[in-house]
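Participant: show me the folded form of this:
(2 chains)
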Amino acid sequence: MPKRMGRFFSVLLWVAAVAVGTGLLVNSGRTIVGISAWVGTMALANLIRVPSPSGGRISLIGGAGLVGVVLLDSVLMLAGVFLLGLALARLVSALWQSQPSTDSDLLGTVAGLGVLILVEVADEWITGSFDGEPQWGTLGLVLFAGFAWFIADAFVRILGAVPVGKTSIRYVWLTALEDWPVMVALFASAGLFALAEPVIGWWALPVAGVPYAISHVSFTLLAGTRRTYGQMIRALSRLPEVAGLSPDGHAAGTALLASTMARSMGMHPDDVTRLEYAALLHDIGRITVEDPSEEPEHSDLARWGAEIIRQAPYLSVVADHVDKHDDPYRRPGEEDDPSIGLEPRIIKVASTFDRANRIHGMDAVEALEVLHRRTAYDFDPAVVAQLRSVLRRSGRLSA
Amino acid sequence: MSPSLRSRLLIAGMYGIAAAALLAVLAVKTTFPFQWEWLFFGVAFGAFQSLAVEVNDRLRASPTVMIVMTAAVIFGRDSAAIGAATIVIFGAITPIDLKERRWFQPLVNAGQFVLSAALAGAVISVALPTGAFETSDIGRVALGSAIGALLYGAANLSLVTLAVRTVFRKSNLKPWARMRSLVPSQALMGSLGGLLGATYLMVGPVTLPLIFTVFLVGHLSMRAVSQLREAHESTLGGFIKALEAKDLYTRGHTERVAYFSQITAEEMGFRGDALDRVRIAALIHDIGKLAVPRTLIRKKGPLSEEEYQHMQEHAHLVEDILNEVEFLAPMVEIASGHHSRFDGGGYGGTGHRSGEPPVLESRILAVADAFDAMTSTRSYRLALTQEYAIAELRRSAGSQFDPDCVEAFVRALAATGERYGSPSLDNDDEARRGAEQEAHIA
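Facilitator: Now for the predicted structure:
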């Protein structure tokens, strides 16, 4: 969609959200102050984003929506404050951060509204099932809302990422699953507020808000610590390059290619991270080389590298990948070697392709040809085929 | 009977008898809370206690104080003290204690927990209403819980310090310096515990699974952060150790320098994150050498001017790379500054300002590095004695080294009772001359 059309479409949607939201609230019977408080809460919840374990950011709007389901009088009022809250948040972010909305934002909004309406409809049925114990009914509703929101969020992510073609449905689904702790913390806090507010009033805010804030800080710290750990591995991976023992950018180039292949193959996100670290560090053994003018055996370099990495207990699996990354996947007269896992095979293919490209100046077709010629023992043909497909999708290879 | 066993028996007996006597008095004077919540909070306390996260400087964090205050409020005015004092016994014994058949730690834990929780319970019982709980009581209970939690933390810390001082003869523990850093979180947790107890009384038990879920998730994330932080250090340390292992003469150097820096910094009052920064800076102080050809590092005898320049260029490049790591940037500056002299001279890294002394952490690191260099055998000379090395540090104090850091290091080393370097005074003049050149290069 052309940029100007996209902007026009965004403005149109914003006007529509304001118009529909206002229309739904006109005859709600609530005061302007009450409605404004709800709209402001929804907007704030949409603007605050918690860093999630999968590396993304999740807004708090689901939790605010759940509070709305429990405390607001009708589904129309809920839809009204939800739409106006989103419109206000979009206006604030456009004015302050100049972030244009994306198709996936729109999809998320529609899915979020859909889930809240579903929860509102289910409210009567669920709370009705707990006859005489309405509070336990609310707890059931919290569980239902959290689960529905989680599924909708995963669905939106799949629709947003998979058509682009860089990743598989399985990988996106597994990434969404990694974020369950954030969803649990968010919906449990929202449920707690919704239960406590009618009885203890504004004291419910610290009761629900402080535990959530502590979780929020924990998630933020976790995301920051993971990020800096990745930065440190990247820094260490550059040591052989600084010492002139490996071509500049080779470690990063190999890691990018290897992780893209792994994502498109639907590997688990944790395995993708470990593979990325192994690809970054696959040449670290070179820093033990006595004389830079001599080129030692590649398999020796892999062993030395693994020896170094194994000193860090957290990276033992990474060390195993590096250890085996230069071994042939099968030997003459033998079957495919099961001890050489998928990760070392991917690193070997990615590293050789990057070297051919970076050192020998081959283009993608020539470098792939080198790999194809040695698929009998050195390079797993299935992994080479995956590389070809990744290169095609990224435009480095014509179809 | 060994002195260590005697002091253990003394502490365990003292805490055990005091706790038992207090429980007996409470059993007579107050009402035990015979309700299912007692078991729930006991199990929750035990679970969170075993999940405690080591934050830094051996401080462990867990929301157990919140559990104590919540339980005390729910048990009510007459049962708050005895209820709080008994649920904490669930946290006295950990799976490791059982596995390793320890008796001392669980006994001391039980004693200190009971005494501290009884104190907190007694404080909150004053804030609790005699009749039905009303919304108007919430503010008073939240305040009382914050005070109770602070007293719980202070009593706990004092009793632990007394036990460690008596049994392990450690005199450099400063519990009140540590308590200062704990006050905000302790008060917040306690206050929240009181609020949760009030919510429970007014809304019902349905609130408990929700709040504990949020806490459990937050706590598990915090544990993941703690493990990842450890991974940071073990990865850096592991890489350096692996490379040092290949070189007979620098093996263990980084670990020893990190240790010397840590004890000196502790002696000078560094705690928590500040102490971690010194230790990690020491771990990376020689990382630049990883990108220097091994032949140069292992060269026998002093380096030529050209070789020295070559080495520094590589070290600078590595510093630049490490500076891009947010977590490491402050440590890189400290590590880089340790090459500078106290009088402002010497080689200038990113942490060097010409004519000015480097930052205090760098000055600590410089002393630790020089001491280890002198007390280790190198390719061109034998290790020197500890006395010689200390005399050399003192001789250069005020010019190359910060005198305060030198004296702090000497005191800290003496407190450990450990000895480094050659055991004899037979080093020849050649080794001494070599050491002087070495110290000059370092």
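Participant: and the stretch 51-200 of chain B, which residues reach chain A?
Facilitator: Proximity of the stretch 51-200 of chain B to chain A is confined to B:135, B:138, B:188, B:191-192, B:195-196, B:198-199 under the rule Cβ under 8 Å from any Cβ of the partner chain. Every residue, glycine included, has its C-beta placed from N, CA and C.
Participant: doesn't A:Asp337 belong to a strand?
Facilitator: No - going by DSSP: H, G, I helix; E, B strand; the rest coil, the assignment for A:Asp337 is coil, not a strand.
Participant: quick one: which two of the residues of the stretch 51-200 of chain B next to chain A are the most distant?
Facilitator: Using Cβ to Cβ, these span at most 21.4 Å, a distance reached by B:Thr135 and B:Leu188.
Participant: okay, the two: which has more neighbours?
Facilitator: B:Leu188 (18 against 12; other Cβ atoms under 10 Å in any protein chain shown).
Participant: that one is in contact with A:Val210, isn't it?
Facilitator: Yes - with contact defined as Cβ atoms under 8 Å, B:Leu188 counts as touching A:Val210 (6.8 Å).
Participant: by neighbours, which of the residues of the stretch 51-200 of chain B next to chain A wins?
Facilitator: Top of these by neighbour count (other Cβ under 10 Å): B:Leu196, with 30 neighbours.
Participant: identify the residues contacting that residue.
Facilitator: A:207, B:66, B:70, B:73, B:207-208, B:211 (Cβ atoms under 8 Å, 6 or more residues apart in numbering or on different chains).
Participant: which of the residues you listed fall in helices?
Facilitator: Judged by DSSP state H, those include A:207, B:66, B:70, B:73, B:207-208, B:211 as members of helices.
Participant: point me to the helix or strand that includes A:Leu221.
Facilitator: helix A:204-237 (DSSP states H and E).
Participant: my bad, B:Arg411
Facilitator: Counting by DSSP H and E, the element that carries B:Arg411 is helix B:403-416.
Participant: ok, the residue nearest to A:Leu83 when sequence neighbours are not counted - contacts?
Facilitator: If the residues on either side of it in the chain are set aside, A:Leu83 comes closest to A:Gly21, at 3.5 Å by Cβ to Cβ, 6 or more residues apart in numbering or on different chains. Residues in contact with A:Gly21 (Cβ under 8 Å, 6+ apart) are A:79-84, A:87.
Participant: which two among those are spaced furthest apart?
Facilitator: A:Ala79 and A:Ala87 (12.5 Å).
Participant: ok, these two, which is more surrounded?
Facilitator: When neighbours are counted by other Cβ under 10 Å, A:Ala79 and A:Ala87 differ, and A:Ala87 comes out ahead with 25 against 20.
Participant: how about that one, what does it touch?
Facilitator: Counting by Cβ under 8 Å, 6+ apart, A:Ala87 has contacts A:14, A:17-18, A:21.
Participant: check A:Arg355 too.
Facilitator: A:247, A:250.
Participant: let me see the domain layout of the chain.
Facilitator: Going with chain A. Domain assignment of chain A by automatic domain parsing yields the ranges A:3-209, A:238-393.
Participant: hmm, I had chain B in mind actually
Facilitator: B:3-226, B:246-441.
Participant: could you tell me the least trusted of those?
Facilitator: When the domains of chain B are compared by mean pLDDT, domain B:246-441 comes last with a mean of 80.
Participant: avg pLDDT for the host helix or strand of A:Val39?
Facilitator: Using DSSP H and E, A:Val39 sits in helix A:32-47. The predicted model gives helix A:32-47 an average pLDDT of 92.
Participant: buried residues in that helix?
Facilitator: Buried residues in helix A:32-47, counted by 16 or more other Cβ atoms under 10 Å in any protein chain shown: A:35, A:38-39, A:41-47.
Participant: and for the nearest residue to B:Ala81 once chain neighbours are set aside, the neighbour number?
Facilitator: Once flanking residues are discounted, B:Ala81 sits nearest to B:Gly121: 3.6 Å by Cβ to Cβ, 6+ apart. Residues lying near B:Gly121 (other Cβ under 10 Å) number 29.
Participant: equivalent analysis for the one 3 residues further on, please.
Facilitator: Residues lying near B:Ile124 (other Cβ under 10 Å) number 31.
Participant: distance of it relative to chain A?
Facilitator: 17 Å (Cβ to the nearest Cβ, to the nearest Å).
Participant: for that residue, which residues are in contact?
Facilitator: Residues in contact with B:Ile124 (Cβ under 8 Å, 6+ apart) are B:69, B:72-73, B:80, B:84, B:141, B:144-145, B:148, B:194.
Participant: ok, now A:Ile309?
Facilitator: So A:Ile309 contacts A:281, A:284, A:315, A:318-319, A:322, B:238-239 (Cβ under 8 Å, 6+ apart).
Participant: want to try TSV for the contacts of A:Ala87, with pLDDT as columns?
Facilitator: Converted to TSV, the contacts of A:Ala87 look like this (pLDDT from 0 to 100):
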residue	pLDDT
A:Trp14	84
A:Ala17	84
A:Val18	88
A:Gly21	86
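Participant: got a PyMOL select line for the buried ones in those?
Facilitator: Here is the PyMOL command that selects the buried residues among the contacts of A:Ala87 (16+ other Cβ under 10 Å):
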select buried, chain A and resi 14+17+18+21
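Participant: from the contacts of A:Ala87, which single one is nearest chain B?
Facilitator: Of all the contacts of A:Ala87, chain B sits closest to A:Gly21, with 29.8 Å by Cβ to the nearest Cβ.
Participant: if we can go back for a sec, quick check: which of the domains of chain B is nearest to A:Gly56?
Facilitator: domain B:3-226 (15.4 Å).
Participant: any buried residues in stretch A:260-275, and which?
Facilitator: Buried, per 16+ other Cβ under 10 Å, within stretch A:260-275: A:260-265, A:267, A:269, A:271-275.
Participant: most widely separated two among those residues?
Facilitator: Top of the distance list for the buried residues of stretch A:260-275 (Cβ to Cβ): A:Ser264 and A:Arg274, 17.0 Å.
Participant: now the closest residue in space to B:Pro129 that isn't next to it in sequence: how far from A:Gly201?
Facilitator: Computed as Cβ to Cβ, 6+ apart, the closest residue to B:Pro129 that is not its neighbour in sequence is B:Asp137, at 5.0 Å. Between B:Asp137 and A:Gly201 the distance is 13 Å, computed by Cβ to Cβ, to the nearest Å.
Participant: so which of these two has more stuff around it?
Facilitator: B:Asp137 (19 against 11).
Participant: still on that earlier bit, is it possible to export the residues of the stretch 51-200 of chain B next to chain A to a markdown table including secondary structure?
Facilitator: Listed next are those as a markdown table, based on three-state DSSP:
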| residue | secondary structure |
| --- | --- |
| B:Thr135 | helix |
| B:Ile138 | helix |
| B:Leu188 | helix |
| B:Ser191 | helix |
| B:Leu192 | helix |
| B:Leu195 | helix |
| B:Leu196 | helix |
| B:Ala198 | helix |
| B:Thr199 | helix |
